[in-house]
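**Q** coordinates for the following, if possible.
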Amino acid sequence: MRNWDDIDETGVCAADQECDDAKWVCDKLNIPFYQVNFVKDYWNDVFSELINDYESGFTPNPDILCNRDIKFNKFLFYAMNTLKVGAVATGHYARSSFGNYLEHFSPGKNAKLLRPEDSTKDQTFFLSQIPQAALQRTLFPLADLTKKEVKQIGAENGFDRILMKKESTGICFIGHRKFQSFISEYIPDKEGRFIDIETGKVVGKHTGIHHFTIGQRCKIGGLAIPYYVAKKNPETQDILVASGGGHPSLISNLMMTSKPYWIDQEPQYLKENGILNCFFRFQHIYDLDPCTIIKTSSGKLYVRLQKPEVALTPGQYAVFYLGNECLGSARIESTGPSLFTTNYEELLPEPALKEARKSG
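**A** Residues are numbered from 1 along each chain as shown. Predicted coordinates:
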């Protein structure tokens, strides 16, 4: 599956390398190899939305969008309608209530997305917007395996060529380029100001809010103290910055989200009472934290966290869990107020406050 056409600064097309590796695996397994081009779909459904978000001051998650709109939508449709297959297998570390190989498939019943055996490699976060129809037709062969076991199986069967590859991280289509130089190819730079959130003084200039995300350290020349992004204003291009990564302006326990997408169905307790205690994360590497969801009259969610989080970021996804089940997710639209605006000394115990300041 090719989603992006580009060559990085080394003159090498990473997609061609991935294609060669996939064909090599298919040849070794003696199964047919097919290549399908979704470049146009990816541009229209994922990348254009990503660009619009960056211009509007949000920080999007292209992996969640790609899984929702391309891999488990356009690709699945192609596989079932063109290749005439009954299901697709994915290498994601996740599981389904229908079983790893759909052995518990039940017509007319919804599937649930569940966490895998290897919790350190849990990828349900990235699948939190997977269409229900796609989940019902997806196999999860890695559900009960750890990463170590997968590599051992690969080594025992002669797949060293694949095992020697580095694990991919970051945004796939950027390759080895720096994000700032990449994004400037699609969004014109606009000069703006860095403003100290405490003093209101201008402490530096930047070339556009699309280069920065909440909690990111800013490189401001001539300053002895480190500054971090606390808030962005897309209208003025101003970025409010705070001194220290643990500054209270970066810490909040409240956020408003878009209307959520529930993979199976809206949790019954939430449907009946408009409120639900569950768990959440907004970065896939973070631990699950307890929260309370309150549904508004518009269908959007207020989410109150049991403990404040650093750098809750508009544009990212709040992913919700109950027990071992990934319920679904909702896009974070706004956050706050921060501890800086709510007399944070009273809200945060002194040891925690000292630790937060020290982390900066």
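
**Q** show me what the helix ranked longest in the chain is packed against.
**A** When the chain is scanned for its longest helix (criterion: DSSP state H), the result is helix 14-29. In this structure, helix 14-29 makes packing contacts with helix 160-163, judged by 3 or more CB pairs under 8 Å, 6 or more residues apart in numbering; DSSP states H and E. C-beta: built from backbone N, CA, C; applies to glycine.

**Q** extract the CA atoms of the helix it packs on and return them as CSV.
**A** Extracted C-alpha coordinates of helix 160-163, given in CSV (Å, rounded to 0.1, in the frame of the first residue of the first chain):
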residue,chain,number,x,y,z
ASP,A,160,16.6,-11.6,9.4
ARG,A,161,16.3,-9.0,6.7
ILE,A,162,13.1,-7.6,8.3
LEU,A,163,14.4,-8.0,11.8
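
**Q** immediately after that helix, which helix or strand?
**A** Once the chain leaves helix 160-163, the next helix or strand it forms, by DSSP states H and E, is helix 179-183.

**Q** buried ones in that following helix, by neighbour count?
**A** Of all the residues in helix 179-183, those buried under the rule 16 or more other CB atoms under 10 Å are residue 183.

**Q** tell me where the model's unsure across the chain.
**A** Applying pLDDT under 70 to the chain picks out residues 6-14, 168-177, 342-360.

**Q** quick one, helices of the stretch 51-200 of the chain?
**A** Per DSSP state H, counting those that start in this stretch, the stretch 51-200 of the chain carries helices over the ranges 62-66, 76-81, 132-135, 147-156, 160-163, 179-183.

**Q** right, so those: which one is the most enclosed?
**A** helix 62-66 (a mean of 21; mean count of other CB atoms under 10 Å).

**Q** that one packs against which elements?
**A** Helix 62-66 sits against helix 48-55, with contacts defined as 3+ CB pairs under 8 Å, 6+ apart.

**Q** what comes up buried for the helix it packs on?
**A** Going by 16+ other CB under 10 Å, helix 48-55 has these buried residues: 50, 51, 53, 54, 55.

**Q** same question, stretch 122-140
**A** 122-132, 134-140.

**Q** endpoints of that stretch, how far apart?
**A** End-to-end distance of stretch 122-140 (CA to CA, to the nearest Å): 12 Å.

**Q** tell me the contacts of residue 330?
**A** Contacts here follow CB atoms under 8 Å, 6 or more residues apart in numbering; on that basis residue 330 touches 257, 258, 259, 260, 261, 300, 301, 317, 318, 320.

**Q** now residue 74. Nearest residue, chain neighbours left out?
**A** residue 41 (5.1 Å; CB to CB, 6 or more residues apart in numbering).

**Q** nearest to residue 307, out of the helices of the stretch 51-200 of the chain?
**A** Nearest of the helices of the stretch 51-200 of the chain to residue 307, taken as CB to CB: helix 62-66 at 24.1 Å.

**Q** residues in contact with stretch 214-228: which ones?
**A** Applying CB under 8 Å, 6+ apart, the set of residues contacting stretch 214-228 is 59, 194, 196, 203-204, 206, 212, 229-232, 239, 241-245, 247, 250, 310-314, 360.

**Q** do stretch 42-50 as well
**A** 3, 4, 60, 62, 65, 66, 69, 70, 74, 173.

**Q** which helix or strand contains residue 333?
**A** strand 325-335.

**Q** pull that strand out as PDB, backbone CA atoms only.
**A** Output in PDB follows, covering the C-alpha atoms of strand 325-335 (Å, rounded to 0.1, in the frame of the first residue of the first chain):
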ATOM      1  CA  GLU A 325     -11.700  -2.500  26.200                       C
ATOM      2  CA  CYS A 326     -10.800   0.500  24.100                       C
ATOM      3  CA  LEU A 327     -14.200   2.300  23.900                       C
ATOM      4  CA  GLY A 328     -13.300   4.800  21.300                       C
ATOM      5  CA  SER A 329     -12.000   8.400  21.100                       C
ATOM      6  CA  ALA A 330     -12.700  12.100  20.600                       C
ATOM      7  CA  ARG A 331     -10.600  14.900  19.300                       C
ATOM      8  CA  ILE A 332      -9.500  17.400  21.900                       C
ATOM      9  CA  GLU A 333     -10.900  20.800  20.900                       C
ATOM     10  CA  SER A 334      -9.800  22.900  23.900                       C
ATOM     11  CA  THR A 335      -8.200  22.600  27.400                       C
END
